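Asker: Just a sequence and a predicted model for now, questions to come.
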Amino acid sequence: MVTLSPELHKRLSQPLQIGSFAVQSRVLQSPLSGVTDLVFRRLVRRYAPTSMMYTEMVNATGLHYVKQLPKIMEVDPNERPISIQLFDCRPDFLAEAAQMAVAEGADTVDINMGCPVNKITKNGGGSSLLRQPELAGEIVRSVVNAVNVPVTVKTRIGWTDQEITILEFARRMEAAGAQMITVHGRTRSQGYNGPAKWEWIAKVKQVLSIPVIANGDIFSVEAAVTCLEQTGADGVMCSRGTMGYPFLVGEIDHFLKTGQEKLAPTPIERLECAREHLQMLFEYKGDRGVRQARKHMTWYAKGFMGAAELRGQLSTIENVQQGVEIIDRAIARLQEYALAGQPVELEESMLAGVG
């Protein structure tokens, strides 16, 4: 059973103050490339109405040359609080892109300095800026001077285990004008492998006066509470834990505010959410949305009888009707199991072998 210490509850009971902007939740939904589009954010917000959401990261250079803003930058006027995340290595392009982001409705502008993907780092963006701290500081100053909303940074603890530079880097970001920093507790070379090194997030918190958000390995309410206790961070950001599970941000937020755990959705409820997600993606993006939905659908299909087979079927859907029919059949099977008194959810020890 997860417990919330009185000290943690008191510390996190106040709004998260990001510069001049207050957020009524200490749990944030991370920007995820190819995931956190308008549809996904709507699902997360249903369960976490006051949490900060982030768009997929947007290429500032691309914005400089387009006449029409890309769909990944589209923001619903009612979806607040919302941050638009940008990446690049050119201070002037990032400043220009930040102004576009504010015009689109961004409450804050986040600069990605942590993405480990080669196609981003080889062009000087993402986590490669950890090796260019002077340029990173210049970027933050340029964006701060260009917009009237808080500017934040998301980064990692270093390039490799032998090159952990986050403490000096974080100080430099604060000095340049960043109003919050989110630290993913892994190095660039780790990618998403191995445990997140939360101890470095704790060290960052000790040397900064701006809010520090902990990121990495937040897959449950228990993990979030443990991370907050160990790091002293001002909040947590959920990333991969929400893929196929848009309930997580709301579950953590509810627990931090009330000390009570929400009842987890059943496999049938998760599949009903998957079906709605698929339909919403089709309505928003047409056939392209269906193709994008394949990965989402497979993420939902985990932890229950027949999930492995279902993942295979959903990974190749060609249209929305086919996907809905497959999900409906899976729901009907689970309902039959339940009526027959058979277990539906798999034990943790069975997940690796059965799916």
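Answerer: Looks like it arrived, so ask away.

Asker: Please report how far P267 lies from V2.
Answerer: To V2, P267 is 22 Å away according to Cβ to Cβ, to the nearest Å. Placement of C-beta: from N, CA and C, glycine included.

Asker: domain parsing for this protein?
Answerer: 6-258, 267-354 (automatic domain parsing).

Asker: okay but E74 is in contact with E104, surely?
Answerer: Yes - with contact defined as Cβ atoms under 8 Å, E74 reaches E104; the gap is 7.5 Å.

Asker: Can you list the low-confidence ranges for the chain?
Answerer: For the chain, the stretches flagged by pLDDT under 70 are 346-355.

Asker: Strands of that one, start to end?
Answerer: Taking DSSP state E as the test, the strands found in the chain are 16-18, 21-23, 27-29, 53-54, 58-59, 82-87, 108-113, 151-158, 180-187, 212-215, 235-238.

Asker: can you count the residues close to Q24?
Answerer: 14 (other Cβ atoms under 10 Å).

Asker: and it, backbone torsions?
Answerer: phi -90, psi 20 (degrees, to the nearest 10).

Asker: Which residue is the nearest non-sequential neighbour of it?
Answerer: Leaving aside its chain neighbours, Q24 sits nearest to T50 (3.9 Å; criterion: Cβ to Cβ, 6 or more residues apart in numbering).

Asker: That neighbour contacts S25, correct?
Answerer: Yes - using Cβ under 8 Å, T50 is in contact with S25, at 4.4 Å.

Asker: Between these two, which is the more surrounded one?
Answerer: Neighbours were counted for T50 and for S25 using other Cβ under 10 Å; S25 has more, 23 against 17.

Asker: how close does the closest residue to E74 other than its chain neighbours get to F282?
Answerer: Excluding its sequence neighbours, the residue lying closest to E74 (Cβ to Cβ, 6+ apart) is L38, at 5.7 Å. From L38 over to F282 the distance is 13 Å, taken as Cβ to Cβ.

Asker: Please say which of P267 and V2 ends up with more neighbours.
Answerer: A side-by-side neighbour count of P267 and V2, using other Cβ under 10 Å, places P267 first with 23 against 14.

Asker: right, and that one touches K302 too?
Answerer: No - counting by Cβ under 8 Å, P267 stays clear of K302, with 9.0 Å between them.
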